[in-house]
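**Q** show me how the following folds:
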Amino acid sequence: MKLGELATRLGAELRGDAELEVTGVKGLEEAGPHDVTFVSNPRYTGLARTTQAAAVLVDPDFPEIAAATLRLKNPYLAFSRALACFYRAPVYPPGIHPTAVIDPTAQIGEGAHIGAYAVVGANVKLGPHAVLLPHVVLYPGVEAGSHLFAHAHAVVREFCILGDHVTLENGVIIGADGFGFAKNEVGQWEKIPQSGPVRLGDRVDVQANACVDRATVGETRIGAGTKIDNLVQVGHASHVGENTLLCAQVGLAGSSDVGNNAILAGQAGVAGHCTLGDGVILTAQSGVSHDVPAGKMISGSPAFDNRTWLRAVTVFQRLPELIKRLDRAEKKLTALTESAGELAKNQP
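**A** Numbers count the residues shown, from 1 in each chain. I've put the predicted structure just below:
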């Protein structure tokens with residue numbers, strides 16, 4: 001593809017040779033003379049000056065460099081779209097593999113691709129242009145909108161409801177039983193039926209081996225546009241708003257309530273029945289056991305305000321030194337006190 005064509009597709013201002021051929025997209029340090037790369041963080045400006053790339057995606061005010069530049073407001077998003085121009089994912093044509101098992105009561109939308117050994121249960125409603133890759137299982141009563149893409153070994157349990165353009169990566173489990181048990185009169189844990197389904201909004205992506213549990217009653221709900229990373233656990237009856245990010249190994253205990261546009265970084269955890277407002281950010285490995293107002297950034301375990309946490313961490317690193325200084329000060333004070341006592345005794 002010529003650089004000028006790429007600029008047109010991305011809506012970028014090109015400063016450089018429009019006839020230059022580009023063949024792929026790579027990082028700043030790996031890119032060669034026919035690759036496109038990007039800079040969205042000012043820390044990498046120096047690398048941009050020495051990159052061997054044919055062109056660099058940058059913001060409009062980026063300084064001039066030797067390589068050609070494609071200037072636009074969001075270089076990172078443009079990088080993603082440039083990748084789509086060059087990467088060719090496998091195409092799955094409509095059709096049903098002869099080893100797939102489809103209940104006769106299931107309704108399959110037009111243009112569906114159903115792979116080997118996939119199972120579609122009774123009364124499933126599958127929207128048009130779905131792709132179910134090998135060994136995907138849809139339990140009875142599942143409803144999915146258009147363009148569902150379920151990678152191999154994804155499972156959607158009974159009566160769960162999925163919106164349009166939902167993507168389930170390998171090993172995802174939607175609607176497994178929530179962790180609900182009650183002790184009976186003889187002290188044994190008795191399973192509580194998990195009757196409520198999971199509801200995923202439009203454009204929800206769930207990455208590999210993540211689990212979104214069904215509810216005891218009501219439903220577990222994930223809002224439109226939310227993205228759930230690998231190995232995330234969403235507990236039963238939790239509600240997650242729209243366009244929220246749950247990063248790797250995040251854990252939400254049952255009945256957690258997370259607002260819109262929140263970000264829970266890697267290994268953050270939320271105790272049950274806590275509410276996190278819109279735009280909340282939990283930094284990595286934070287543990288929250290209380291409600292968090294909208295717009296707050298929280299850190300630590302137990303978690304508290306991020307700015308306070310940063311100061312506390314700085315002090316924590318100095319604790320051995322501060323203890324030594326305090327010990328010396330106490331010894332000096334003790335010595336002064338004893339000296340003052342001796343002087344007082346010797347006064348006439």
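
**Q** what strand or helix carries residue 334?
**A** helix 319-346 (DSSP states H and E).

**Q** average pLDDT for that helix?
**A** For helix 319-346, the mean pLDDT works out to 83.

**Q** and it, what does it pack against?
**A** If you count contacts as 3 or more C-beta pairs under 8 Å, 6 or more residues apart in numbering; DSSP states H and E, helix 319-346 packs onto no helix or strand. The way it works is simple: take the backbone N, C-alpha and C, and place the C-beta from them, glycine included.

**Q** hmm, residue 138 is touching residue 123, no?
**A** No. The pair residue 138 / residue 123 is not scored as a contact, 10.3 Å apart, by C-beta atoms under 8 Å.

**Q** so for these two, which residue has more residues nearby?
**A** Taking other C-beta atoms under 10 Å, residue 138 and residue 123 do not tie; residue 138 has more neighbours (31 against 14).

**Q** which ones are touching the more buried one?
**A** Contact analysis of residue 138 by C-beta atoms under 8 Å, 6 or more residues apart in numbering lists 119-121, 124, 126, 132, 144, 156.

**Q** so where is the stretch 201-348 of the chain shaky, pLDDT-wise?
**A** 347-348 (pLDDT under 70).

**Q** if we can go back for a sec, among the contacts of residue 138, which are in strands?
**A** With DSSP state E as the criterion, strands contain 119-120, 126, 132, 144, 156 from among these.

**Q** which parts of this structure are helices?
**A** Ranges of helices in the chain, per DSSP state H, are 3-10, 45-50, 75-86, 306-317, 319-346.

**Q** can you check the pLDDT for the residue nearest to residue 9 when sequence neighbours are not counted?
**A** Spatial nearest neighbour of residue 9, excluding adjacent residues (C-beta to C-beta, 6 or more residues apart in numbering): residue 85 at 6.2 Å. pLDDT, residue 85: 93.

**Q** how close does residue 85 sit to residue 48?
**A** Between residue 85 and residue 48 the distance is 21 Å, computed by C-beta to C-beta, to the nearest Å.

**Q** the two: who's more crowded?
**A** residue 48 (21 against 16).

**Q** next up, the contacts around the closest residue to the more buried one other than its chain neighbours.
**A** Counting by C-beta to C-beta, 6+ apart, the nearest residue to residue 48 once its immediate chain neighbours are dropped is residue 39, at 4.9 Å. Neighbouring residues of residue 39 by C-beta under 8 Å, 6+ apart: 28, 45, 47-48, 56-58, 62, 75.

**Q** backbone dihedrals for residue 39, please?
**A** In terms of degrees, to the nearest 10, the main-chain angles of residue 39 are phi -130, psi 120.

**Q** confidence score at it?
**A** On pLDDT, residue 39 comes in at 95.

**Q** still on that earlier bit, could you dump the contacts of residue 39 to a markdown table with pLDDT and distance to residue 283?
**A** Shown next, in a markdown table, are the contacts of residue 39 (pLDDT from 0 to 100; distance: C-beta to C-beta, whole Å):
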| residue | pLDDT | distance to residue 283 |
| --- | --- | --- |
| 28 | 91 | 26 |
| 45 | 90 | 26 |
| 47 | 92 | 26 |
| 48 | 93 | 28 |
| 56 | 97 | 30 |
| 57 | 97 | 28 |
| 58 | 96 | 28 |
| 62 | 94 | 29 |
| 75 | 94 | 25 |
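
**Q** closest to residue 1 out of those?
**A** Proximity of those to residue 1 was ranked by C-beta to C-beta; the top entry is residue 57 with 14.3 Å.

**Q** residues near the residue nearest to residue 72 when sequence neighbours are not counted, how many?
**A** Nearest residue to residue 72, sequence neighbours excluded (C-beta to C-beta, 6+ apart): residue 12, at 4.3 Å. For residue 12, the count of nearby residues is 22 (other C-beta under 10 Å).

**Q** show me what contacts the nearest residue to residue 256 once chain neighbours are set aside?
**A** In space, and not counting its chain neighbours, residue 256 is closest to residue 238: 4.3 Å by C-beta to C-beta, 6+ apart. Residue 238 makes contact with 220-221, 252-258, according to C-beta under 8 Å, 6+ apart.

**Q** neighbours of residue 158, just the number please.
**A** Neighbours of residue 158 (other C-beta under 10 Å): 17.

**Q** still on that earlier bit, distance to residue 197 added to the helices of the chain, as a markdown table?
**A** Listed next are those as a markdown table, based on distance: least, C-beta to C-beta, whole Å:
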| stretch | distance to residue 197 |
| --- | --- |
| helix 3-10 | 40 |
| helix 45-50 | 49 |
| helix 75-86 | 32 |
| helix 306-317 | 36 |
| helix 319-346 | 50 |
